[in-house]
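> build me a structure from this.
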Amino acid sequence: MSAARIVFLMYHELELAGRKLCQSEAGYIRYILPLQAFRVQMAWLKNSAWGGLNVTEALRHPEGRNVCITFDDGCETDLIAAAPVLREIGFNATFYLTAGFIGTPGYLTASQVRELDTQGFEIGCHGGVLDVSDECPQLRASEGPVVPKTLDAPKSPPR
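Model (predicted):
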């Protein structure tokens, strides 16, 4: 393994003018970044000779100056705002989905998840909210949506 050092940048939802945020709690909105600020950050990194990697790429410890870019929760802005900026700059990223949010307002749908995958971005699981009350009442979910049915299998073979 090389002595390469990787900087990890973690994002959540990108704020778009006129668009309601997925959540409004203070602990959530402190992680929100306006789209233009994200665009400026990515351009600065590119212009400063940094590369943008997904987690799998970063774990290989490539030489050079690199950042690993991740997004948590699976907000719809991952596809409609972050992905176009990343593609334009030539950066990769990992998008971590919260399974229980898929298909709920403001979050990615199953087909949008597949679109991110088709665009070459890495998809990971950030977690989910399970309803296990029938099998184990002590583990009842206290909040959040219940994990939806399994996503349809991707149409393209896994990479």
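> which residue ranges of this structure form strands?
With DSSP state E as the criterion, the chain has strands at 6-11, 14-15, 33-34, 51-53, 66-73, 94-98, 122-127.
> turn those into JSON lines, including mean pLDDT, distance to S24 and mean neighbour count.
Where C-beta positions appear, they are placed from N, C-alpha and C, glycine not excepted. Formatted as JSON lines, these follow (pLDDT from 0 to 100; distance: least, CB to CB, whole Å; neighbours: other CB atoms under 10 Å):
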{"stretch": "strand 6-11", "mean pLDDT": "92", "distance to S24": "18", "mean neighbour count": "15"}
{"stretch": "strand 14-15", "mean pLDDT": "97", "distance to S24": "12", "mean neighbour count": "20"}
{"stretch": "strand 33-34", "mean pLDDT": "96", "distance to S24": "16", "mean neighbour count": "14"}
{"stretch": "strand 51-53", "mean pLDDT": "97", "distance to S24": "30", "mean neighbour count": "21"}
{"stretch": "strand 66-73", "mean pLDDT": "95", "distance to S24": "14", "mean neighbour count": "22"}
{"stretch": "strand 94-98", "mean pLDDT": "94", "distance to S24": "17", "mean neighbour count": "22"}
{"stretch": "strand 122-127", "mean pLDDT": "86", "distance to S24": "19", "mean neighbour count": "15"}
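> nearest to T104 among those would be which one?
Closest of the strands of the chain to T104 is strand 94-98, at 9.6 Å (criterion: CB to CB).
> direction included, what does that closest one pair up with?
The strands that strand 94-98 pairs with in its sheet are strand 66-73 (parallel), strand 122-127 (parallel) (by DSSP bridges).
> what would the strands of the chain look like in a markdown table with distance to A82?
Shown next, in a markdown table, are these (distance: least, CB to CB, whole Å):
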| stretch | distance to A82 |
| --- | --- |
| strand 6-11 | 7 |
| strand 14-15 | 6 |
| strand 33-34 | 10 |
| strand 51-53 | 11 |
| strand 66-73 | 6 |
| strand 94-98 | 8 |
| strand 122-127 | 13 |
